[in-house]
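> Give me a 3D structure for the following:
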Amino acid sequence: MTQTIRKVVFPVAGLGTRFLPATKAVPKEMLPVVDRPLIQWAVEEAAAAGCEEFIFVTSPHKGAILEHFSPAPAYQQVLEARGKHDELALLQAGLPENAKITEVFQDAPLGLGHAIWCAREAVGDEPFAVILPDDMVLHSTGCLSQMVKQYDQVGGNLVAIEAVPNDQTQRYGVLDPGPENGALVGVNGLVEKPAPADAPSNLAIIGRYILDPKVMADLGAFNKGAGGEIQITDSLANLIGEVALHGFKFEGARYDCGNRVGFLAANLAFALSQSGAGGQSDLGENLRSVLRDIMDS
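Numbers count the residues shown, from 1 in each chain. This is a model prediction of the structure:
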């Protein structure tokens with residue numbers, strides 16, 4: 001029987017240099033997609049999947065992230081006095097009631113594997129999720145919720161995967177795939193950022209993981225991989241045979257908000273999807289009208 005996934009790690013210590021000058025004073029994770037920052041979308045996805053403890057691996061200059069999820073008494077007093085109950089609910093910023101927030105600092109940019117290792121004490125001896133806020137998945141069921149359902153069946157290490165263009169394998173951790181069982185893919189091995197000619201497949205890991213705590217010990221060896229960084233892909237590969245590893249072909253459209261085109265595409269896609277969504281019921285249709293006017297001009 002698998003353990004419940006209660007904890008989620010958000011590696012958010014990076015500088016976001018691709019979005020300068022916007023990220024000079026504002027963390028990239030605080031840039032808005034439609035009506036809420038990137039990090040809130042990630043937190044809401046984790047909360048919907050049942051997570052209760054939210055671990056932010058960050059750096060001292062990115063205090064705005066934790067501030068976003070902190071109490072806001074000044075706003076609360078004003079909204080309560082004005083009877084604005086819907087707006088009061090927004091102050092929760094996507095966190096469930098009784099959520100626990102933990103902040104951990106990554107002291108050097110040594111790679112994703114190192115960022116995850118920095119959360120080792122907060123994670124403890126239980127499986128945990130990792131969400132990279134740059135990767136947004138548009139679907140009626142959140143990507144992590146889909147993964148938790150699969151994890152309950154197979155346990156071990158589970159990574160979200162999708163087929164990418166063959167000429168883009170050098171951007172990802174890539175699977176040497178084994179047998180497939182529905183949306184699950186067995187993994188014979190992993191290669192971090194292989195050149196297209198060397199890639200064992202075009203099945204790439206995107207920013208969602210459910211990890212066994214044993215991964216922390218392997219990461220703690222500080223072995224450097226591609227780019228001279230500590231790679232989570234390498235640790236997952238090292239544990240094959242000791243901890244089961246599966247790739248999961250999730251449902252939904254992924255948008256890479258780590259680059260400007262992907263970020264703009266996510267804004268458009270998520271806004272257009274909001275037709276019929278309560279107070280935003282006319283947003284999608286109004287945006288379609290605006291886009292038609294722009295394209296026709």
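> could you point out which element follows the lowest-mean-pLDDT helix or strand in the chain?
Across the helices and strands of the chain, mean pLDDT, DSSP states H and E gives its lowest value to helix 85-90, namely a mean of 84. Downstream of helix 85-90, the next assigned helix or strand under DSSP states H and E is strand 100-105.
> buried stuff in that following strand?
By 16 or more other Cβ atoms under 10 Å, the buried positions in strand 100-105 come out as 102, 104. (Each C-beta comes from the backbone N, C-alpha and C, glycine too.)
> Give me the residues contacting that strand.
Outside strand 100-105, the residues within contact range by Cβ atoms under 8 Å, 6 or more residues apart in numbering are 13, 52-60, 66, 69, 95, 118-119, 121-122.
> quick revisit: please name every helix or strand in contact with the least confident helix or strand of the chain.
Counting contacts by 3 or more Cβ pairs under 8 Å, 6 or more residues apart in numbering; DSSP states H and E, helix 85-90 is packed against helix 73-81.
> Would you mark the buried spots in the least confident helix or strand of the chain?
Across helix 85-90, burial judged by 16+ other Cβ under 10 Å covers residue 88.
> What are the boundaries of the strands in the stretch 1-150 of the chain?
7-11, 32-33, 36-37, 53-58, 100-105, 128-131, 135-138 (DSSP state E, counting those that start in this stretch).
> among the ones you listed, which is nearest residue 153?
strand 128-131 (16.1 Å; Cβ to Cβ).
> Now do the closest one: distance to the chain's middle.
8 Å (Cα atoms, centre = their mean, to the nearest Å).
> Which elements pack onto that strand?
Helices and strands touching strand 128-131, as assessed by 3+ Cβ pairs under 8 Å, 6+ apart, comprise strand 7-11, helix 38-48, helix 143-154, strand 203-211.
> If you drop the residues flanking it in sequence, what lies closest to residue 233?
residue 173 (3.5 Å; Cβ to Cβ, 6 or more residues apart in numbering).
> Is the one you found bridged to anything, and to what?
Beta-bridge partners recorded for residue 173 (DSSP bridges): residue 192.
> tell me the contacts of it?
Residue 173 neighbours (Cβ under 8 Å, 6+ apart): 159, 190-193, 204-205, 231-233, 236.
> These: which two are farthest apart?
159 and 193 (15.1 Å).
> Of those two, give the one with the bigger neighbour count.
A direct count of neighbours by other Cβ atoms under 10 Å for residue 159 and residue 193 places residue 159 higher, at 27 against 18.
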